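# Coordinates for the following, if possible.
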Amino acid sequence: MKKAVFLAHVKDAARQRGGDLKEYLRMTKELGYDGLECDYTDLEQDPRGFAEMLAEAELQIASVPCWFSFEKGVNPEQIGAVVKNVAAAGGKKILAIPGFLDEQYPDALNNMTEGLKILCREAAEFGIQVSLEDFDNIKSPCATAEGLAWFFERVPELGFNLDTGNFLYAEQDVLEITKAFADRITHIHLKDRRETPVYDGQQPQYSIKGRPMYSCPVGQGDIPIRELLVMAEKAGYNGFCSAEHYAVEDQWDFMVKSARWLNEHM
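This next block holds a predicted model:
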């Protein structure tokens, strides 16, 4: 498997420490990361220029999270433009965040299904794999295993982006669910979480049952990361695994510690 980290973390690290982004991209490569998880907004204005910037740092696009609002309706032209921009930047994977449930949009699920079908069809023409993750938001239609299964049944082309820490939000067993979906894994977010803070003043997210969840470097939390990696590998997954730890005061410190664990265990 290959190691990646979120570009948003690299940007935060450069901002928090007062450094230059290109220099931090070079340093990210030196830590042992080979790829970046790049938000669509990072590349949409200049896909080819974005690709050149990453190539200069000898980094690849691991995956591209793309936020949609399919609950409000589906625009095929917009979907096609997104796919073309990702392809132009050299991306081969799209993580679709299809939208959020809202009472004012009673056809939300049908719209999301239609949007995902079109997205998968457009992406396939460029050799791009589309996936869904277990998104940690109560209004997400795919926050739980049941929600993911609902979409997988209706859009079989979808892959599973395993986010190792997000089933904790839904208070579900990540090992059991990953075992059930292992053959569908097309990308992995390595998100570790714990019930105690890493540093004073750190703010938690809470599970649906009110359990505090603090971001931490990969390997320093309560998520069975190693077991999940072994399970994915046995199922045939050999792609990027992206370290993820949002909303922390010193991203570079977290990136360094995650890289050390990943370099030792991957």
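# all helices for the stretch 51-200 of the chain, in order.
According to DSSP state H, counting those that start in this stretch, the stretch 51-200 of the chain carries its helices in the segments 76-89, 108-124, 145-154, 166-169, 174-181.
# Of all these, which one comes closest to E195?
helix 166-169 (9.7 Å; C-beta to C-beta). In this view, the C-beta of every residue, glycine as well, is placed from N, C-alpha and C.
# Skipping adjacent residues, who's closest to the residue most central in space within the chain in space?
Taking C-alpha atoms, centre = their mean, the centroid of the chain lies closest to H189, which sits 5.1 Å from it. Distances taken as C-beta to C-beta, 6 or more residues apart in numbering place D163 nearest to H189, at 4.2 Å, with adjacent residues excluded.
# I'd like to know how many residues surround that neighbour.
23 (other C-beta atoms under 10 Å).
# Give me the buried positions along the longest strand belonging to the chain.
Using DSSP state E to define each element, the chain has its longest strand at strand 60-67. In terms of neighbour count (16 or more other C-beta atoms under 10 Å), strand 60-67 has its buried residues at Q60, I61, A62, S63, V64, P65, C66.
# what about the closest residue to the second one other than its chain neighbours, distance to P224?
Once its chain neighbours are removed from consideration, I61 has its nearest residue in G91; the separation is 4.5 Å (C-beta to C-beta, 6+ apart). Here the distance between G91 and P224 works out to 29 Å (C-beta to C-beta, to the nearest Å).
# Neighbour count: these two, which is higher?
G91 (26 against 15).
# Ramachandran angles for that one?
phi -70, psi 140 (degrees, to the nearest 10).
# what sits against it?
Applying C-beta atoms under 8 Å, 6 or more residues apart in numbering, we find G91 in contact with C38, L43, I61, S63, V64, I128.
# Tabulate these in a markdown table, adding columns for distance to A4 and pLDDT.
Putting the contacts of G91 into a markdown table (distance: C-beta to C-beta, whole Å; pLDDT from 0 to 100) gives the following:
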| residue | distance to A4 | pLDDT |
| --- | --- | --- |
| C38 | 10 | 98 |
| L43 | 15 | 98 |
| I61 | 9 | 98 |
| S63 | 8 | 98 |
| V64 | 12 | 98 |
| I128 | 17 | 98 |
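# ok, these vs Y237, which is closest?
When the contacts of G91 are compared for distance to Y237 (C-beta to C-beta), S63 wins out at 13.0 Å.
# Excluding chain neighbours, what is closest to the closest one?
Going by C-beta to C-beta, 6+ apart, S63 has K93 as its nearest residue, at 4.0 Å.
# Quick check, pLDDT for that neighbour.
K93 carries a pLDDT value of 98.
# What's the separation between it and E264?
Taking C-beta to C-beta, one finds K93 at 26 Å from E264.
# Looking at those two, which one has more neighbours?
Using other C-beta under 10 Å, the more surrounded residue of K93 and E264 is K93, with 22 against 8.
# tell me the contacts of the residue nearest to H189?
E133, D134, F135, D136, I188, H189, K191, E244.
# you'd agree the fifth one is up against L162?
Yes: with contacts counted by C-beta atoms under 8 Å, I188 reaches L162, the gap being 4.9 Å.
# Identify the contacts common to these two.
L228, A232.
# Excluding chain neighbours, give the residue nearest to E227 in space.
L175 (6.3 Å).
# wait, what's in contact with the one you found?
P224, E227, L228, M231.
# did I read that right, the third one in a helix?
Yes: under DSSP: H, G, I helix; E, B strand; the rest coil, L228 falls within a helix.
# outside of the host helix or strand of T41, which residues touch it?
Assessed by DSSP states H and E, T41 sits inside helix 40-43. Residues from elsewhere that reach helix 40-43 (C-beta under 8 Å, 6+ apart): L7, F50, A51, V64, P65, C66, W67, V82, N85, V86, A89, G91.
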